[in-house]
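Novice: everything below, folded, please.
(one chain, ligands or ions: 2)
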Amino acid sequence: MKLDVNALRYLSREEFRTLQAVELGQKNHEIVPASLIDSIAGLRHGGTVRCLKALLRQKLVHHDSSKYDGYRLTPLGYDFLALKALVNRGAVAAVGRQIGVGKESDVYEVLSPQGEVLALKLHRLGRTSFRAVKSKRDYLRHRSSFSWLYLSRLAALKEYAFMAALGAHGFPVPRAVEHNRHAVLMSMVDATLLVQVRELRHPSDVYAQLMDLLARLAAKGLIHCDFNEFNLLVDEEERVTLIDFPQMVSTRHANAAELFERDVECIGRFFRKKLGYMPELDAGLACAAPDFQAIVAAAEAGGAEGPDGGSLDVALSASGFNREHAEALDRWVADAAQQAGDSEGDEARAKARSEASQRASRGSLKAAVKKGRRQAAGGADF
Ligand code: ADP
Ligand code: MG
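Specialist: Ligands and ions are numbered 1, 2, ... in the order given. Reported below is the predicted structural model:
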């Protein structure tokens, strides 16, 4: 979906207030009655009606009169609320091109007021499979009316919390800058997605880095669960950066060992098939596949490092992501995976990503900005 930020520049204060009123109303209503929006927004002289018309024209809200006269946010409307908050906080100054499209997110290149190029990830849980999951939404009992908003927000909160905690513990992840609603702002990784890499100068070193990364995560009590060529970037020096954290689980998860092995195997398969590198035949490699049980046992036996021990719990809870959030999200992820069927999802995802990556080329926004900080390629200042 195109995030046309031009509209953001032209929305009036009243229109934004009305958009926020719709969001607030969605806490208790799937479709928010127009009268409720009016009373939340508190605008004078029929201002809400005029504003709702303008929001409708911009496709920021959807009108539904099947049961009563009501409105709900569109994903674009939710994007605008998050973007506006990030702009108000002085975190974002301009939005550029889309650089990634995942099954459950859109990623854009954005610019900070200081001129730094950042990545903005907008979570879209439920884009592909929410309808199928809706029937099983007992865990969303009180929130069924705004579940996609809620789940996307949780995914963003989890991603931000994990990215910040991992960064603080020296893991190679993007720098977590800000989050708001379903949006996560992070540093742009200047590197190539592993899936696009045809050849490595030192495949053995890169493979070893990846296994070491998996082992260190497990020692901290974590399994990535989507550790594959779509979520790893390799830079000029063949150093690796890991992205995409909403599906991470604890090493205490019931299927932890299996999930860990799957991550190891994903990398093994990619190196064997796509790069022609056979880890098990490399005598120089210290460890072709880390031993999950041994890592967990060593960590439990007092492998604590740093002031908060071996686990990331302290850093995580500081970001506001709690157990209740984790449970709601985990159940959704489990349901969605079951419903969507993993292989079909992976295929669609691979296709979407390779299309997106063809479109992506870095540096253009920065160059355009240097020219005069005005109209960046396909982007807009506001
Ligand atoms: P999804 O959950 O949809 O898979 P990802 O976090 O993997 O989302 O992001 C989708 C794509 O966007 C990635 O494959 C990558 O190409 C790009 N991307 C995401 N974050 C960054 C970043 N910080 N720097 C550079 N590219 C990124
Ligand atoms: Mg991904």
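Novice: distance of P203 from L83?
Specialist: According to Cβ to Cβ, to the nearest Å, P203 stands 40 Å off from L83. The C-beta positions use only the backbone N, C-alpha and C, and glycine is treated the same way.
Novice: check V22 too.
Specialist: Separation of V22 from L83 (Cβ to Cβ): 16 Å.
Novice: who's more crowded, the two?
Specialist: The residue with more neighbours, out of V22 and L83, is V22; 31 against 24, by other Cβ atoms under 10 Å.
Novice: quickly find the element holding that one.
Specialist: Following DSSP states H and E, one finds V22 within helix 13-25.
Novice: can you name the residue of the stretch 151-300 of the chain nearest to ligand 2?
Specialist: D244 (3.7 Å; Cβ to the ion).
Novice: thought that residue was touching D226?
Specialist: Yes. Taking contacts as Cβ atoms under 8 Å, D244 lies within contact range of D226: 5.8 Å.
Novice: with neighbour numbers in mind, choose between these two.
Specialist: Between D244 and D226, counted using other Cβ under 10 Å, the more crowded position is D244 (24 against 20).
Novice: not counting its neighbours along the chain, what's nearest that one?
Specialist: N231 (4.2 Å; Cβ to Cβ, 6 or more residues apart in numbering).
Novice: what ranges does the stretch 101-250 of the chain have for its helices?
Specialist: With DSSP state H, counting those that start in this stretch, the ranges of helices along the stretch 101-250 of the chain come out as 130-134, 147-168, 203-219.
Novice: where does the stretch 251-382 of the chain have low pLDDT?
Specialist: Applying pLDDT under 70 to the stretch 251-382 of the chain flags residues 303-311, 313-315, 317-318, 333-382.
Novice: can we see that at 80?
Specialist: Residue ranges of the stretch 251-382 of the chain with pLDDT under 80: 302-320, 323, 326-382.
Novice: quick one: the helices in it?
Specialist: Listed in chain order, the helices of the stretch 251-382 of the chain (DSSP H, counting those that start in this stretch) span 256-275, 292-300, 313-318, 323-340, 342-359, 364-372.
Novice: wouldn't D79 be in contact with K121 here?
Specialist: No. Counting by Cβ under 8 Å, D79 does not reach K121; the two are 11.5 Å apart.
Novice: and stretch 160-177 with ligand 2, contact?
Specialist: No. Stretch 160-177 lies out of reach of ligand 2 by Cβ under 5 Å from the ion, never closer than 12.4 Å.
Novice: just the terminal-to-terminal distance for that stretch.
Specialist: Terminal residues of stretch 160-177 lie 8 Å apart, using Cα to Cα, to the nearest Å.
Novice: next, count neighbours for L122.
Specialist: 24.
Novice: show me what the closest residue to it other than its chain neighbours bridges to in the sheet.
Specialist: Leaving out its chain neighbours, the residue that sits closest to L122 by Cβ to Cβ, 6+ apart is D106, at 4.9 Å. Here D106 sits in beta bridges with V101, L122, going by DSSP bridges.
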